[in-house]
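# Fold the following for me, if possible:
(2 chains)
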Amino acid sequence: GQQLNQSPQSMFIQEGEDVSMNCTSSSIFNTWLWYKQDPGEGPVLLIALYKAGELTSNGRLTAQFGITRKDSFLNISASIPSDVGIYFCAGQKAGSQGNLIFGKGTKLSVKP
Amino acid sequence: DSGVTQTPKHLITATGQRVTLRCSPRSGDLSVYWYQQSLDQGLQFLIQYYNGEERAKGNILERFSAQQFPDLHSELNLSSLELGDSALYFCASSVGTGGLYTEAFFGQGTRLTVV
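This next block holds a predicted model:
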């Protein structure tokens, strides 16, 4: 099935470092969402973006809806151990019925 | 707590069997989605219902079916189960299907193991 290209696949960083991850697609999207999933849990919505160029923050997290509408970025500043998990981007394609397409995830590990 | 309830949390069954997974969406949400998550496949969209009607279909096998009832809860039926069907099955719900109504909230998932 169609998925978004999410990178990097995994990151292993030191506590306090900033983190960047992104999602790209060949299709135009109306909506970009970023989720975090902890082991054994369902994904939790972090940030939602609805307009091209939109920049939205949620605490130490900042996400942007790319100007071309084909990509999105998530940045985490000053990472802490509880940031560990898998981060997924998800998008709703322009003209779709509403179902979200997910990236394969970025697995974040933080070394104290 | 997302407000989306899935039961059961764990299910172990034999090949060839049939199981039913249940989902109660958040209060007020009309749209229900089902996703399958395998280790190497990420979150695969299976099917979406909106207010009782099928809205979108993804990579759902013919052996799988779903429905949304008048009280908006949904069930995912998996039949003739194979070993490869072992996965986490997530239900998500949203208010609607466009713009900010797309924000989907996920349940805790049902872990299905086929032996």
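
# Count residues in the vicinity of the residue of chain B found nearest chain A, would you?
Relative to chain A, the nearest point of chain B is B:T97 (3.0 Å; Cβ to the nearest Cβ). (Each C-beta comes from the backbone N, C-alpha and C, glycine too.) A count of neighbours around B:T97, defined by other Cβ atoms under 10 Å in any protein chain shown, yields 20.

# That one reaches B:N51, doesn't it?
No. At 9.8 Å, B:T97 does not count as touching B:N51 under the criterion of Cβ atoms under 8 Å.

# any common contacting residues for those two?
B:S31 (Cβ atoms under 8 Å, 6 or more residues apart in numbering or on different chains).

# Contact residues of chain A facing chain B?
Proximity of chain A to chain B is confined to A:1, A:3, A:30-31, A:33, A:35, A:41-45, A:48, A:50, A:88, A:90, A:92, A:96-105 under the rule Cβ under 8 Å from any Cβ of the partner chain.

# just the buried members of those?
A:3, A:30-31, A:33, A:35, A:42-43, A:45, A:48, A:50, A:88, A:90, A:92, A:96, A:98-105 (16 or more other Cβ atoms under 10 Å in any protein chain shown).

# Regarding B:G84, what is its secondary structure?
helix (DSSP: H, G, I helix; E, B strand; the rest coil).

# circling back: from the buried ones among the residues of chain A next to chain B, which ones fall inside strands?
The members of these that map onto strands under DSSP state E are A:30-31, A:33, A:35, A:45, A:48, A:88, A:90, A:92, A:101-102.

# can you redo those residues as a markdown table with pLDDT?
Putting these into a markdown table (pLDDT from 0 to 100) gives the following:
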| residue | pLDDT |
| --- | --- |
| A:N30 | 89 |
| A:T31 | 91 |
| A:L33 | 94 |
| A:Y35 | 96 |
| A:L45 | 94 |
| A:A48 | 93 |
| A:F88 | 95 |
| A:A90 | 93 |
| A:Q92 | 87 |
| A:I101 | 87 |
| A:F102 | 90 |
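
# Closest one to chain B out of the residues you listed, please.
Looking across those and measuring by Cβ to the nearest Cβ, the closest to chain B is A:F102, at 4.0 Å.

# from what I can see that closest one touches A:F88, true?
Yes. Counting by Cβ under 8 Å, A:F88 is a contact partner of A:F102 at 5.3 Å.

# Chain A contacts on chain B?
B:2, B:4, B:31, B:33, B:35, B:41-45, B:48, B:50, B:55-56, B:58-59, B:90, B:92, B:94, B:96-100, B:102-109.

# Brilliant, that's me finished.
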